[in-house]
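Peer 1: need coordinates for the following:
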Amino acid sequence: MNKTEITIYKIGGGIIDNAAELTKFLQLLAQAGGPKILVHGGGKGASTMLRELGLTPQLINGRRVTDAATLDIVVMFYAGKTNKQVVAELQRLGVNALGLSGADGNVIQGTRRPVKDIDYGFVGDLTPASVNAGLLQQLLTAGITPVLCPIIHDGHGQLLNTNADTIASAVAVALADFYSVTLHYCFEKNGVLRDVSDANSVIPKINFTSYAALKEQGVIADGMVPKLENAFAALHQGVTKVIIGHALNIKDDLHTVVCLN
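Peer 2: Predicted structure coming up:
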């Protein structure tokens, strides 16, 4: 018996900070057929708000260091302003969306990242067991599109900031036993670029071997590293396909397909 196909879209970076492009993306998302889940980050908008409030954003290897003051801001920005604006726009477009943090309906529970060489603060780590797949299945069956922000909880009353790419990957893996899952990372580039100054230098396909070489060469760096590591982790755990491309090209073939071989 063939599994029902679902698509998990993840947006972040420059798209979610650009109101015009975000609106266009949500219009495309509303037109996309089949059940779907949207995961969003906060990206540059959260950093802008932090600076406006006199705090200095700190990112290491593309991941945000989150002290107590930063956590307060990102919870307001991600779970509040951004999440509800996205849900409101999807409702306007006829999509019955439901905005959720990880604490809502216990949809995503994780653990605070242990301190090793770097203390990331109130940052959460996930496993496939962290995701309440049953609740997501109920929502999808009811025709509701879950909209997940990158704030989770630890089950003991503590909220945790978690990389949205990681959440998208964990949700995709958790649902792979029940659906044929495509994980679509959408951002402001046309895909993984060989030359970041050339929008047309899209690498159409990356496997684990070529990824290691491109990372060694410095072609893949910064925030693209966790994105691709999450993509490979998802593929190793049953996700059918991972796509990385521009948020406004979700109907087109201009993108990077990540595969194991």
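Peer 1: where in this structure is pLDDT low?
Peer 2: In the predicted model of the chain, residues 1, 13, 43, 61-62, 128 satisfy pLDDT under 70.
Peer 1: try 80
Peer 2: Low-confidence segments of the chain (pLDDT under 80): 1, 13-14, 42-46, 60-63, 127-128, 223, 226.
Peer 1: strands of the chain, start to end?
Peer 2: With DSSP state E, the ranges of strands along the chain come out as 4-11, 36-40, 59-60, 63-64, 97-100, 111-112, 124-125, 145-148, 151-153, 159-161, 179-187, 205-206, 241-246, 256-258.
Peer 1: nearest to residue 76, of those?
Peer 2: Closest approach to residue 76 among these is made by strand 151-153 (9.9 Å; C-beta to C-beta). C-beta here means a position set from N, CA and C on the backbone, and glycine is covered the same way.
Peer 1: packing partners for that closest one?
Peer 2: strand 159-161 (3 or more C-beta pairs under 8 Å, 6 or more residues apart in numbering; DSSP states H and E).
Peer 1: try it again at 10 Å.
Peer 2: For strand 151-153, the packing partners by 3 or more C-beta pairs under 10 Å, 6 or more residues apart in numbering; DSSP states H and E come out as strand 124-125, strand 159-161, helix 164-175.
Peer 1: got JSON lines for the strands of the chain, with distance to residue 199 too?
Peer 2: Output for those, formatted as JSON lines (distance: least, C-beta to C-beta, whole Å):
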{"stretch": "strand 4-11", "distance to residue 199": "18"}
{"stretch": "strand 36-40", "distance to residue 199": "23"}
{"stretch": "strand 59-60", "distance to residue 199": "23"}
{"stretch": "strand 63-64", "distance to residue 199": "25"}
{"stretch": "strand 97-100", "distance to residue 199": "30"}
{"stretch": "strand 111-112", "distance to residue 199": "38"}
{"stretch": "strand 124-125", "distance to residue 199": "33"}
{"stretch": "strand 145-148", "distance to residue 199": "28"}
{"stretch": "strand 151-153", "distance to residue 199": "32"}
{"stretch": "strand 159-161", "distance to residue 199": "30"}
{"stretch": "strand 179-187", "distance to residue 199": "12"}
{"stretch": "strand 205-206", "distance to residue 199": "17"}
{"stretch": "strand 241-246", "distance to residue 199": "9"}
{"stretch": "strand 256-258", "distance to residue 199": "13"}
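Peer 1: understood, closing this out.
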